[in-house]
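Q: Fold the following.
(one chain, ligands or ions: 1)
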Amino acid sequence: MSLCNCDKCGRLFLAKWESRCTSCSQLVLKDTHKVKDFVREHPRATLIEIYNMTGVPLQTIKELMRA
Ligand SMILES: [Zn+2]
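A: Reported below is the predicted structural model:
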């Protein structure tokens with residue numbers, strides 16, 4: 001464990017392996033569910049459509065689509 005700056009908000013936090021603090025991780029998790037639910041219902045949606053409909057940051061969507 002070591003002190004790291006959160007990737008997202010820049011706050012210092014104690015990291016095991018993650019690059020985001022707890023509150024940002026939870027936010028990302030919420031966004032992840034939003035995107036996954038939307039894509040399940042709209043399998044042919046484009047990045048921009050997902051972004052417009054979910055309000056999740058493009059960067060987050062891109063990361064999810066790569067996974
Ligand atoms: Zn953070």
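
Q: Just confirm Cys4 is within a strand.
A: Yes: under DSSP: H, G, I helix; E, B strand; the rest coil, Cys4 falls within a strand.

Q: so what's it closest to, chain neighbours aside?
A: On the basis of Cβ to Cβ, 6 or more residues apart in numbering, the spatially nearest residue to Cys4 that is not a chain neighbour turns out to be Ala15, at 4.1 Å. In this view, the C-beta of every residue, glycine as well, is placed from N, C-alpha and C.

Q: pretty sure the one you found contacts Asp7?
A: No: look at Ala15 against Asp7 with Cβ atoms under 8 Å: they stay out of range, at 10.0 Å.

Q: Just list whatever residues bridge to the residue nearest to Cys4.
A: Ser2 (DSSP bridges).

Q: Just the pLDDT for it.
A: According to the predicted model, the pLDDT of Ala15 comes to 90.

Q: part of a helix, is Gly10?
A: No: counting by three-state DSSP, Gly10 falls outside a helix, being coil.
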